[in-house]
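Undergrad: A predicted structure for the sequence below; I have some questions about it.
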Amino acid sequence: MYLVVEGIDTCGKSTQIELLAAAYPQALITKEPGATALGSKIRELVLYSDDLCPVTELLLFLADRSNHASQVIKPNLGRLIISDRSLISGMAYALASKQFDYAWLEKLNRFAMQNIMPDAIILFHIKEETLIERLGEKSHDVIEQRGIAYMLNVQKELHFVAKTLGLKMLLINAEESIEAIHIQIDNFIKGSL
(Lines give C-alpha, C1' and ligand atoms only; values in the text may rest on other atoms or scores of the structure.)
Protein backbone atom coordinates (compact mmCIF):
# COMPACT_ATOMS: atom_id res chain seq x y z
CA MET A 1 0.00 0.00 0.00
CA TYR A 2 1.23 3.47 -0.95
CA LEU A 3 0.06 5.71 1.90
CA VAL A 4 0.63 9.46 1.99
CA VAL A 5 0.55 11.67 5.07
CA GLU A 6 -0.52 15.22 4.30
CA GLY A 7 -1.00 18.47 6.18
CA ILE A 8 0.53 21.90 6.55
CA ASP A 9 3.68 22.50 8.59
CA THR A 10 3.41 22.00 12.37
CA CYS A 11 0.28 19.82 12.11
CA GLY A 12 2.02 16.78 13.62
CA LYS A 13 2.86 14.73 10.52
CA SER A 14 6.49 14.16 11.45
CA THR A 15 5.66 12.95 14.95
CA GLN A 16 3.13 10.45 13.61
CA ILE A 17 5.46 9.24 10.86
CA GLU A 18 8.13 8.52 13.50
CA LEU A 19 5.57 6.47 15.44
CA LEU A 20 4.56 4.63 12.27
CA ALA A 21 8.20 3.84 11.46
CA ALA A 22 8.47 2.14 14.87
CA ALA A 23 5.11 0.37 14.56
CA TYR A 24 5.74 -0.83 10.97
CA PRO A 25 9.47 -1.58 10.72
CA GLN A 26 8.90 -3.34 7.38
CA ALA A 27 7.51 -0.12 5.85
CA LEU A 28 9.47 2.15 3.56
CA ILE A 29 9.36 5.66 5.03
CA THR A 30 9.97 8.40 2.47
CA LYS A 31 9.25 12.07 1.83
CA GLU A 32 8.72 14.73 -0.80
CA PRO A 33 10.80 16.65 -1.53
CA GLY A 34 14.12 15.26 -0.45
CA ALA A 35 14.11 11.46 -0.42
CA THR A 36 16.69 11.13 -3.19
CA ALA A 37 20.04 12.83 -3.74
CA LEU A 38 18.48 15.10 -6.37
CA GLY A 39 15.44 15.65 -4.15
CA SER A 40 17.63 16.77 -1.27
CA LYS A 41 19.17 19.48 -3.46
CA ILE A 42 15.75 20.53 -4.76
CA ARG A 43 14.40 20.70 -1.20
CA GLU A 44 17.24 23.03 -0.22
CA LEU A 45 16.59 25.25 -3.27
CA VAL A 46 12.84 25.49 -2.73
CA LEU A 47 12.82 25.98 1.04
CA TYR A 48 15.71 28.45 1.29
CA SER A 49 15.71 30.47 -1.95
CA ASP A 50 13.63 33.61 -1.77
CA ASP A 51 13.79 34.46 -5.48
CA LEU A 52 11.81 31.59 -7.06
CA CYS A 53 8.76 32.50 -9.08
CA PRO A 54 5.72 30.19 -8.71
CA VAL A 55 6.40 28.48 -12.07
CA THR A 56 10.00 27.68 -11.13
CA GLU A 57 8.90 26.39 -7.73
CA LEU A 58 6.26 24.16 -9.38
CA LEU A 59 8.76 22.76 -11.88
CA LEU A 60 11.32 22.01 -9.18
CA PHE A 61 8.70 20.14 -7.13
CA LEU A 62 7.63 18.22 -10.26
CA ALA A 63 11.27 17.28 -10.99
CA ASP A 64 11.62 15.91 -7.46
CA ARG A 65 8.27 14.10 -7.72
CA SER A 66 9.24 12.44 -11.00
CA ASN A 67 12.60 11.32 -9.63
CA HIS A 68 10.99 10.12 -6.38
CA ALA A 69 8.36 8.12 -8.30
CA SER A 70 11.03 6.45 -10.46
CA GLN A 71 13.64 5.76 -7.78
CA VAL A 72 11.56 5.20 -4.64
CA ILE A 73 7.84 4.59 -5.19
CA LYS A 74 7.72 2.46 -8.34
CA PRO A 75 10.43 -0.06 -7.26
CA ASN A 76 8.68 -0.57 -3.91
CA LEU A 77 5.06 -0.95 -4.98
CA GLY A 78 3.62 -4.01 -3.27
CA ARG A 79 5.02 -3.16 0.14
CA LEU A 80 3.86 -0.60 2.68
CA ILE A 81 5.17 2.82 1.62
CA ILE A 82 4.52 5.75 3.98
CA SER A 83 5.32 9.10 2.40
CA ASP A 84 5.52 12.47 4.11
CA ARG A 85 3.80 14.53 1.40
CA SER A 86 3.00 13.66 -2.21
CA LEU A 87 1.44 15.09 -5.35
CA ILE A 88 -1.47 16.20 -3.15
CA SER A 89 0.77 18.73 -1.39
CA GLY A 90 2.36 19.66 -4.68
CA MET A 91 -1.00 20.51 -6.19
CA ALA A 92 -2.29 22.26 -3.04
CA TYR A 93 0.72 24.56 -2.72
CA ALA A 94 0.54 25.39 -6.44
CA LEU A 95 -3.20 26.12 -6.19
CA ALA A 96 -2.58 28.36 -3.18
CA SER A 97 -0.41 30.59 -5.40
CA LYS A 98 -3.60 31.35 -7.41
CA GLN A 99 -1.73 31.01 -10.69
CA PHE A 100 -2.55 27.49 -11.87
CA ASP A 101 -5.58 25.56 -13.05
CA TYR A 102 -6.50 22.37 -11.16
CA ALA A 103 -7.01 20.17 -14.25
CA TRP A 104 -3.65 21.21 -15.69
CA LEU A 105 -1.90 20.58 -12.36
CA GLU A 106 -3.45 17.13 -12.09
CA LYS A 107 -2.21 16.22 -15.59
CA LEU A 108 1.32 17.44 -14.82
CA ASN A 109 1.44 15.58 -11.53
CA ARG A 110 0.06 12.35 -12.97
CA PHE A 111 2.71 12.62 -15.69
CA ALA A 112 5.46 13.16 -13.08
CA MET A 113 4.15 10.20 -11.06
CA GLN A 114 3.86 7.93 -14.12
CA ASN A 115 0.16 7.63 -13.17
CA ILE A 116 1.05 6.02 -9.82
CA MET A 117 -1.50 7.29 -7.31
CA PRO A 118 -1.59 6.86 -3.53
CA ASP A 119 -3.83 4.09 -2.26
CA ALA A 120 -4.82 6.16 0.76
CA ILE A 121 -4.33 9.57 2.35
CA ILE A 122 -4.00 10.59 5.98
CA LEU A 123 -4.88 14.28 6.03
CA PHE A 124 -4.25 16.45 9.09
CA HIS A 125 -6.35 19.53 9.85
CA ILE A 126 -5.06 22.16 12.28
CA LYS A 127 -6.87 25.17 13.74
CA GLU A 128 -5.57 28.67 13.10
CA GLU A 129 -4.84 29.31 16.79
CA THR A 130 -2.76 26.13 17.07
CA LEU A 131 -0.91 26.93 13.84
CA ILE A 132 0.02 30.39 15.13
CA GLU A 133 1.23 28.95 18.42
CA ARG A 134 3.31 26.18 16.83
CA LEU A 135 4.84 28.40 14.14
CA GLY A 136 5.93 30.77 16.90
CA GLU A 137 8.05 27.99 18.38
CA LYS A 138 10.26 27.35 15.36
CA SER A 139 12.36 29.03 12.69
CA HIS A 140 10.67 29.45 9.33
CA ASP A 141 11.60 28.36 5.83
CA VAL A 142 10.63 30.47 2.79
CA ILE A 143 7.22 28.80 2.45
CA GLU A 144 6.30 29.26 6.12
CA GLN A 145 7.36 32.92 5.87
CA ARG A 146 4.44 33.47 3.48
CA GLY A 147 2.25 33.74 6.55
CA ILE A 148 -0.68 32.25 8.39
CA ALA A 149 -3.30 33.17 5.77
CA TYR A 150 -1.23 31.44 3.07
CA MET A 151 -0.75 28.32 5.19
CA LEU A 152 -4.49 28.12 5.94
CA ASN A 153 -5.21 28.51 2.22
CA VAL A 154 -2.83 25.61 1.51
CA GLN A 155 -4.74 23.55 4.09
CA LYS A 156 -8.02 24.36 2.31
CA GLU A 157 -6.47 23.32 -1.01
CA LEU A 158 -5.16 20.07 0.52
CA HIS A 159 -8.74 19.15 1.42
CA PHE A 160 -9.96 20.15 -2.04
CA VAL A 161 -7.30 18.11 -3.89
CA ALA A 162 -7.74 15.04 -1.67
CA LYS A 163 -11.53 15.07 -2.16
CA THR A 164 -11.30 15.77 -5.89
CA LEU A 165 -8.90 12.88 -6.48
CA GLY A 166 -11.41 10.62 -4.71
CA LEU A 167 -8.83 8.53 -2.89
CA LYS A 168 -9.47 6.67 0.37
CA MET A 169 -8.87 9.19 3.15
CA LEU A 170 -8.62 9.50 6.92
CA LEU A 171 -9.13 13.07 8.18
CA ILE A 172 -7.23 13.76 11.40
CA ASN A 173 -8.02 16.50 13.90
CA ALA A 174 -4.50 17.72 14.76
CA GLU A 175 -5.81 19.07 18.08
CA GLU A 176 -6.16 15.55 19.52
CA SER A 177 -3.43 13.89 21.58
CA ILE A 178 -0.46 12.24 19.89
CA GLU A 179 -1.57 8.85 21.22
CA ALA A 180 -5.19 9.25 20.07
CA ILE A 181 -4.04 10.26 16.60
CA HIS A 182 -1.63 7.33 16.40
CA ILE A 183 -4.40 4.87 17.31
CA GLN A 184 -6.67 6.29 14.59
CA ILE A 185 -3.91 6.04 11.99
CA ASP A 186 -2.89 2.54 13.06
CA ASN A 187 -6.50 1.33 12.82
CA PHE A 188 -6.84 2.97 9.40
CA ILE A 189 -3.69 1.27 8.10
CA LYS A 190 -4.67 -2.13 9.49
CA GLY A 191 -8.11 -1.77 7.92
CA SER A 192 -6.61 -0.81 4.57
CA LEU A 193 -3.90 -3.47 4.21
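TA: Cool, the structure landed. Note that the structure is a prediction, hence the values are computed from the model and not measured.

Undergrad: Which stretches in this structure count as helices?
TA: Remark: helices assigned in the chain by DSSP state H are 13-23, 37-48, 54-68, 87-96, 102-112, 128-135, 148-165, 178-192.

Undergrad: Looking at the shortest one now, give me its mean pLDDT.
TA: When you say that, I think you mean helix 128-135. Averaging pLDDT along helix 128-135 yields 83.

Undergrad: and the gap between residue 10 and residue 127?
TA: Here the criterion is Cβ to Cβ, to the nearest Å. By it, residue 10 lies 11 Å from residue 127. Bear in mind the C-beta positions are built from the backbone N, C-alpha and C, glycine included.

Undergrad: Ignore what I typed, I meant residue 150.
TA: To residue 127, residue 150 is 16 Å away according to Cβ to Cβ.

Undergrad: Relative to residue 45, how far out is residue 69?
TA: In terms of Cβ to Cβ, residue 69 sits 19 Å off from residue 45.

Undergrad: what's the answer for residue 125, then?
TA: From residue 125 to residue 45 the distance is 29 Å (Cβ to Cβ).

Undergrad: more crowded one of residue 150 and residue 127?
TA: residue 150 (16 against 13; other Cβ atoms under 10 Å).

Undergrad: count of residues packed around the nearest residue to the more buried one once chain neighbours are set aside?
TA: Once flanking residues are discounted, residue 150 sits nearest to residue 96: 6.3 Å by Cβ to Cβ, 6 or more residues apart in numbering. Residue 96 is flanked by 23 other residues according to other Cβ under 10 Å.

Undergrad: Am I right that residue 96 is in contact with residue 154?
TA: Yes - using Cβ atoms under 8 Å, residue 96 is in contact with residue 154, at 4.6 Å.

Undergrad: Before I go, just wanted to say thanks for your time.
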